[in-house]
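> Pasting a predicted model and its sequence here:
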Amino acid sequence: QAQLVESGGGLVQAGGSLRLSCVASGRSFSTTTMGWFRQAPGKEREFVAAVTWTGIRNYYADSVKGRFTISKEYAKNTVYLQMTSLKPEDTGVYYCAADPRSRPSSRDYTYWGQGTQVTVSS
C-alpha cells in the first residue's frame, strides 16, 4: 500500500529555516508529480509547491516564491521542501501529496501523508 510520511516540522523563529522531507513507500513515485500543501487553523488546505516527475518543472504559490524550494531525490523516493525566511503566516500543518488528477496546484491528489506541524513564532 502506498504511503507518504512527512518529517522535519517544528517550532522556529521568524526569519529561520526548516527542511521538510516526505518519504514515499509501497510503490515508486518516480514518474509522478508530487506536491506540498499546508493548512492553517480555520483555513482551507492550500497549495505550496509541486515538482513534476522529471524534476525539471517546479510550481510555487506566490506567497512562497523566492523563499521555498521543492526538490526530489529519486534514489530515496523522497521529496523535500526547503523553507527559508519563514514568516508567522507560514504556520500550519504541511502535507505531502502525490499523483494529482489535474493541475499540480489542485487539491485532487491521489495520495496524502498525515502531515507535519510547522510553527513560526514572531
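Okay, I see it.
> who's in contact with Thr69?
49, 58, 81-82 (Cβ atoms under 8 Å, 6 or more residues apart in numbering). From N, CA and C alone the C-beta is placed, and that goes for glycine too.
> Just the closest of those residues to Gly26, please.
Checking the contacts of Thr69 against Gly26 by Cβ to Cβ gives Leu81 as the nearest, at 20.9 Å.
> how many other residues sit next to that closest one?
For Leu81, the number of neighbouring residues by other Cβ atoms under 10 Å comes to 26.
> what number of residues lie near the residue lying closest to Gln13 once chain neighbours are set aside?
Once flanking residues are discounted, Gln13 sits nearest to Ser121: 5.4 Å by Cβ to Cβ, 6 or more residues apart in numbering. By the measure other Cβ under 10 Å, the count of residues near Ser121 is 11.
> And for Tyr74?
Neighbours of Tyr74 under the rule other Cβ under 10 Å: 12.
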